[in-house]
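J.: Structure for the following, please:
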Amino acid sequence: MKGSFWRYAVGGALTGGANGLFGGGGGMIAVPVLERTAGLPALRAHATAIAVILPACIVSGIVYLWFGLVPLSVFLPVSIGVAAGGIAGARLLPHVSASSVTFLFAALMLAAGMKLVMS
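T.: Residues are numbered from 1 along each chain as shown. Next up, the predicted model:
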C-alpha cells in the first residue's frame, strides 16, 4: 500500500468530519481517498471505508443522542433495518464485480447530489 500515515490521517479526518456534519456520507470521501492514497482496489476500498467509518458513526451517534437530536421512537426500528442491510451488503460485496460496485456507487452519489440540488 502506498501513502503515508499523515495522508491517511487527513483523509480520515475529512471522512469523520463529513460523517459527523452531514450525519453520513463519509464513504463518498473515504472510498476515493482509500483508492488513491492507499492504492486499494475498489472492493477493498469500499469494505475498508465501512470499517473505518464505524468509529465516527458511534461517536457522532452518541453526541446526537446526548443533545437530544435523535427521536428514540425512530432510532430502534431504523437501527434494526440498518444492521440487517449492513449484513446483507457485506455478504453480497465479495460476489459483485469491482466495476459494478464502482458504477453503482457513482450512480448513488450522482442521484444523491441531484436530489440535494433539486430540493
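
J.: where in this protein is pLDDT low?
T.: 1-3, 23 (pLDDT under 70).

J.: same thing but 80
T.: Residue ranges of the chain with pLDDT under 80: 1-3, 19-27, 56.

J.: If you count residues, where's the longest helix of it?
T.: Using DSSP state H, we find that the single longest helix of the chain is helix 42-66.

J.: Which residue, neighbours along the chain excluded, lies closest to the residue most central in space within the chain?
T.: Nearest to the mean C-alpha position of the chain, by Cα atoms, centre = their mean, lies Gly27 at 3.0 Å. Nearest residue to Gly27, sequence neighbours excluded (Cβ to Cβ, 6 or more residues apart in numbering): Ala49, at 4.8 Å. No exception for glycine: its C-beta is placed from N, CA and C like everyone else's.

J.: quick one: contacts for the one you found?
T.: Residues in contact with Ala49 (Cβ atoms under 8 Å, 6 or more residues apart in numbering) are 15, 26-27, 30-31, 34.

J.: how far away is it from Ala112?
T.: Ala49 sits 16 Å away from Ala112, taking Cβ to Cβ, to the nearest Å as the criterion.

J.: Tell me how the chain divides into domains.
T.: 1-70, 71-119 (automatic domain parsing).

J.: Among the ones you listed, show me which one is buried the most.
T.: Neighbour counts (mean count of other Cβ atoms under 10 Å) averaged over each of those peak at domain 1-70, with a mean of 16.
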